[in-house]
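# Okay, sequence plus prediction incoming.
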Amino acid sequence: MQEWANQLCENRQFGSKMTDSKYFTTTKKGEIFELKAELNSDKKEKKKEAVKKVIASMTVGKDVSALFPDVVNCMQTDNLELKKLVYLYLMNYAKSQPDMAIMAVNTFVKDCEDLNPLIRALAVRTMGCIRVDKITEYLCEPLRKCLKDEDPYVRKTAAVCVAKLHDINAQLVEDQGFLDTLKDLISDSNPMVVANAVAALSEIAESHPNSNLLDLNPQTINKLLTALNECTEWGQIFILDCLANYSPRDDRESQSICERVTPRLSHANSAVVLSAVKVLMKFMEMLPKDLDYYGTLLKKLAPPLVTLLSAEPELQYVALRNINLIVQRRPEILKHEMKVFFVKYNDPIYVKLEKLDIMIRLASQANIAQVLAELKEYATEVDVDFVRKAVRAIGRCAIKVEQSAERCVSTLLDLIQTKVNYVVQEAIVVIKDIFRKYPNKYESVIATLCEHLESLDEPEARAAMIWIVGEYAERIDNADELLESFLEGFHDESTQVQLQLLTAIVKLFLKKPTETQELVQQVLSLATQDSDNPDLRDRGYIYWRLLSTDPVAAKEVVLAEKPLISEETDLIEPTLLEELICHIGTLASVYHKPPSAFVEGSRGVQHKRLTSSAGSGESVESPDTGSAAVSEAPPTVIPSQGDLLGDLLNLDLTPPSSTGPPPAAAPGIWGMSLSRRPSPCGRTPLSLLSPLHQSPSPPDYSPTELGGDIGGSPAMGAGFGAPPAAMPASFNAPISGGLDDLFDLGGGGGMTMGTYIPPKTVWLPAMKAKGLEISGTFVRRSGVIQMEMTLNNKAMSVMSDFAIQFNRNSFGLAPAGPLQILTPISPNQIIEAALPLSTVGPVMKMEPLNNLQVAVKNNIDVFYFSCQYPISMLFLEDGKMERQVFLATWKDIPNENESQFQIKDCHLNSDAASNKLQGSNIFTIAKRTVEGQDMLYQSMKLTNGIWVLAELRVQAGNPNYTISLKCRAPEVSQCVFQNYETVLKN
């Protein structure tokens, strides 16, 4: 063994002993023929020299593929160095010469049984790197032997080879049972073998998210933690990344893992440190905050993060980007470490800006004096970009820490007095934001700002100053003169300044109408008659018509109270932050984007979430069986940014096709095993909105193509495309004896009472969408589902280029065409939009079932929100089942699929209830009265072909109804009940 180790050492160092540069200097003609002769020489040294020359030529880009058979002949050697060089050549040219590569197979197989473990490992590694289908079948037997080799070096090499082979031919690897062997290697006695097995399984699992290869359990975790202490630094990273995908059963297990991972924080390799931080950040979610260990862990996390900042600038930047995420999630970790983020004079600009950002995030009442003093110092630096950011940072401090606002304003005024042009302009921009945050508090500084009006030459600063003058025109004696000075060069100004100037002069006119009539007419004329900008012209016409027709309304619109700006608008959205925390130490944590946003072929990228809070042992990343019953109470609605980003970040702006067959669904629509698990994801629950008119002929929804059971059981998978035929089963309703006769009775008819249309609810608040507020609801009219929205631009800039995209959802809802917003939305403008929807989109079970994740894009950004559509939107107009079919179906559906609910405080009689429900395509098949209690038998049919049967009991004088629901897919029952309740109570 010692001899082999020495041989390997010599092999690694041979390049340093010899002057190998000589191989790269030759440019002789006829070189190929010379090399061919040397390669066939009987002298071993001459052969080795020739192969080195070939490798050198290959390295600089020369085509030496003509020498393939001659180089392959050199494989028959005991010299490890020469064998390595030949294998290197083979890896490079095997793909272009697959037929000739077969010549090398026998040597590979022979080398896999060599006495020297280094040669065995080299052979199996090279075979794995040769991506030629013809060779892979010959690799199986040697690989099987190497996976069970007595030498750990060979086993660890073979483990990685399985992942490479899986990438070439996944089916072959599964058929040969290599995955099971790989799982067995996790229990290997050698820690490096364990690490490589984990790395290989993780690699395969990433490209096949549904495979559930890494079935982590406490026993496996214990083996990994044991190996963690002994393997190399890169092995430790593989194991730590694997641990991050595990969700402990309880807080005790979580604490135990944290205790065993904590020593990795002191490792010299920064990648190991960040991987350990990732594991601890995730498992801390499980620990109760009142636990002593929780506080200890927080203290232990700070020093390694601080230590990372003493590395070279590039590593510092990576560390700072990761710290930025950590600080947003748990600022308490570094709250006492503010000084390490103070900027050094020799820091590169990218490090300075990142430190500045973290300083603001850590700013609090306790350290604000220290932070402000530092920021004021930065504002006198020579780097213009950095100075601008420093001035803006002072404004952010004022908005974040209210107690410091006065001191921040004072600091900004001091900076304005320096009369440095770009400092003054940035100060005015941030003071405008301070006015928005603290109205009627710091307006005394306006006079100072007005003194510097002439020096403003940047559009953003000019627009900010104009806004201040217009907003506080009543406090500025010469406001009309100031605005008139801007008006002189109106057509030379940027659009941002023109729009702001138009609004400011209209505000001034509404506050001082007698003095500024001429001024407002001048600006309206400039904006409408002399401008080619449609945004400016439209706003000008709106103001003109408002002022000429209803000055009171104009005052209410233009001088309306403005919402306060939020504290930190640049925080990462919470669910995206959770996913990024799970990717600490990777590119995702540097870009601050999920892997699916920048990794090609992102279908293989798993979306990760932090572990649930204490008491929940459910793994977020583990596959979801999809068969859990929906709970009686509405679930807590939490948006899942990970799921949103997986399908929505790269918006496809082309309109989806409304024709053609829907994509094929997996067997059982929602019964799929998913690694990227859809999390509960919604905002305000929507009330039911039903069709205004009934369509005599329902549209063709091709429900059979989306057919299948909801719970994932194959036993329920058939027959949802059409009403089921008679099926045998029991019927345990209280009226069991007379059910056959009840269908001879009349009932259930009558005129539709009118459809309930609920008010719109706010789906996307302006504070979370940079000023864009979206309210909306869903409606079904004449068989067409529509998403009706009100878009309100509460920002100070024009919004345009709108597009919309849905994530996969339970019933395949998707836009049937593009979002039709034909003109840009000016500030404070409100427009209505109706988006027709189809039900042929991709299907994935959501929680709750009627949850819809939406992304809206405009010229500013992409915004995400979740809403819940009333399930009645999916009830078809042909949902009235034949009476005999109803009876047979009710009997056939198993009793365990029946759900019973109470609808309280409803004061309608049975006929009124029936008529009201029919407006939502809930059809009464029959009505029966037993002992003063009316029983309505009703049916409804969903767009994916699922039928829901109901029995509604109405007792005269009793405001509480009882409803029994039967369905092949019992998960639907909760949503249907909520729909009943909404319709009957409104």
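Arrived safely.
# hang on, residue 864 is in a helix, isn't it?
No. Counting by DSSP: H, G, I helix; E, B strand; the rest coil, one finds residue 864 to be strand, located in no helix.
# In this structure it contacts residue 854, no?
Yes. Using CB atoms under 8 Å, residue 864 is in contact with residue 854, at 7.1 Å. Where you see a C-beta, it was placed from the backbone N, CA and C, and this is true even at glycine.
# Point out where the stretch 401-550 of the chain drops to low pLDDT.
Within the stretch 401-550 of the chain, no stretch falls below the threshold (pLDDT under 70).
# try it again with 90
Of all residues in the stretch 401-550 of the chain, those with pLDDT under 90 make up the ranges 401-458, 461-462, 465, 468-493, 510-522, 525-533, 544-550.
# Do a quick rundown of the helices in it.
For the stretch 401-550 of the chain, the helices defined by DSSP state H, counting those that start in this stretch cover 405-417, 421-437, 446-450, 459-471, 479-487, 495-511, 517-528, 534-549.
# what packs against the shortest one?
It refers to helix 446-450. Helices and strands in packing contact with helix 446-450 are listed as helix 405-417, helix 459-471; criterion 3 or more CB pairs under 8 Å, 6 or more residues apart in numbering; DSSP states H and E.
# of all the ones you listed, which gets the most neighbours per residue?
The highest mean neighbour count among those belongs to helix 459-471 (a mean of 23), with neighbours defined as mean count of other CB atoms under 10 Å.
# Would you mind listing the outside residues contacting that one?
424-426, 428-429, 431-432, 435, 446, 449-450, 453, 456, 476, 479, 482-483, 486, 493-494, 496-497, 499-501, 503-505, 507-508, 796 (CB atoms under 8 Å, 6 or more residues apart in numbering).
# do stretch 253-265 as well
Counting by CB under 8 Å, 6+ apart, 218, 221, 225, 228-229, 236, 240, 243, 246, 248, 272-273, 275-277, 279-280, 283-284, 286-287, 291, 293, 297, 300-301, 303-304, 611 sit against stretch 253-265.
# and if you look at stretch 191-201?
For stretch 191-201, using CB under 8 Å, 6+ apart, the contacting residues are 152, 155-157, 159-160, 162-163, 179, 182-183, 185-188, 213-214, 223-224, 226-232, 234-236, 238-239, 242.
# again, but for stretch 139-159
Applying CB under 8 Å, 6+ apart, the set of residues contacting stretch 139-159 from outside is 108-109, 112-113, 117-118, 120-121, 123-125, 127-128, 161-162, 165, 172, 176, 178, 181-182, 185, 188-190, 192-193, 195-197, 199-200.
# same check, this time on stretch 71-86
The contact list for stretch 71-86 (CB under 8 Å, 6+ apart) reads 7-8, 11, 14, 39-40, 44, 47-48, 51-52, 54-55, 87, 89-90, 100, 103-104, 107, 111, 116, 118-119, 122.
# which of these are buried?
With burial judged by 16 or more other CB atoms under 10 Å, the buried subset of those is 39, 47-48, 51-52, 54-55, 87, 89-90, 104, 107, 111, 116, 118-119, 122.
# So what's the residue count around the closest residue to residue 409 other than its chain neighbours?
In this structure, residue 409 finds its nearest non-sequential neighbour in residue 442, 5.1 Å apart by CB to CB, 6 or more residues apart in numbering. Using other CB atoms under 10 Å, residue 442 has 20 neighbouring residues.
# any idea how far residue 442 is from residue 434?
Here the criterion is CB to CB, to the nearest Å. By it, residue 442 lies 6 Å from residue 434.
# go on, residue 521?
As defined by CB to CB, residue 521 lies at a distance of 33 Å from residue 434.
# For stretch 349-357, which residues meet the burial criterion?
Neighbour-count burial for stretch 349-357, with 16+ other CB under 10 Å as criterion, is recorded at 351-357.
# same check, this time on stretch 359-367
Neighbour counts over stretch 359-367 (16+ other CB under 10 Å) mark 359-364, 367 as buried.
# Stretch 121-138 now?
Within stretch 121-138, the residues that qualify as buried by neighbour count (16+ other CB under 10 Å) are 121-128, 130-132, 135-136, 138.
# then stretch 83-92 to PDB, C-alphas only?
Listed next in PDB are the C-alpha coordinates belonging to stretch 83-92 (Å, rounded to 0.1, in the frame of the first residue of the first chain):
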ATOM      1  CA  LYS A  83      -1.800   4.900 -18.500                       C
ATOM      2  CA  LYS A  84      -3.100   8.200 -17.000                       C
ATOM      3  CA  LEU A  85      -2.000  10.100 -20.100                       C
ATOM      4  CA  VAL A  86      -3.600   7.500 -22.500                       C
ATOM      5  CA  TYR A  87      -6.900   7.600 -20.500                       C
ATOM      6  CA  LEU A  88      -6.900  11.400 -20.700                       C
ATOM      7  CA  TYR A  89      -6.600  11.200 -24.500                       C
ATOM      8  CA  LEU A  90      -9.400   8.600 -24.600                       C
ATOM      9  CA  MET A  91     -11.800  10.800 -22.600                       C
ATOM     10  CA  ASN A  92     -11.300  13.600 -25.100                       C
END
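# what pLDDT, on average, does that stretch get?
Summarised as a single mean, pLDDT over stretch 83-92 is 80.
# What of stretch 938-948?
So the average pLDDT for stretch 938-948 ends up being 89.
# if we can go back for a sec, buried only: go through the contacts of stretch 191-201 for me.
Among the contacts of stretch 191-201, those classed as buried by neighbour count (16+ other CB under 10 Å) are 152, 155-157, 159-160, 162-163, 179, 182, 185-186, 188, 213-214, 223-224, 227-228, 231, 235-236, 238-239, 242.
# any chance of the helices of the stretch 401-550 of the chain in a markdown table, plus distance to residue 375?
A markdown table is the format used below for those (distance: least, CB to CB, whole Å):
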| stretch | distance to residue 375 |
| --- | --- |
| helix 405-417 | 8 |
| helix 421-437 | 11 |
| helix 446-450 | 20 |
| helix 459-471 | 19 |
| helix 479-487 | 30 |
| helix 495-511 | 27 |
| helix 517-528 | 38 |
| helix 534-549 | 36 |
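# Is it correct that residue 316 is in contact with residue 350?
No. With contacts counted by CB under 8 Å, residue 316 stays clear of residue 350, the gap being 9.3 Å.
# joint contacts of these two?
Residues within reach of residue 316 and of residue 350 at once, by CB under 8 Å, 6+ apart: there are none.
# Please report phi then psi for the residue lying closest to residue 74 once chain neighbours are set aside.
Using CB to CB, 6+ apart and skipping residues adjacent in sequence, the residue nearest residue 74 is residue 86, 5.2 Å away. Torsion angles at residue 86 (phi, psi; degrees, to the nearest 10) stand at phi -70, psi -40.
# Run a quick neighbour tally on residue 86.
Around residue 86 there are 27 residues (other CB under 10 Å).
# quick revisit: please produce JSON lines containing the helices and strands packed on helix 446-450, extended by distance to residue 927.
Supplementary listing: the helices and strands packed on helix 446-450 in JSON lines, determined by distance: least, CB to CB, whole Å:
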{"stretch": "helix 405-417", "distance to residue 927": "67"}
{"stretch": "helix 459-471", "distance to residue 927": "64"}
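# thinking again about what came up before, in helices only, show me the buried ones among the contacts of stretch 71-86.
39, 47-48, 51-52, 54-55, 87, 89-90, 107, 111, 118-119, 122 (DSSP state H).
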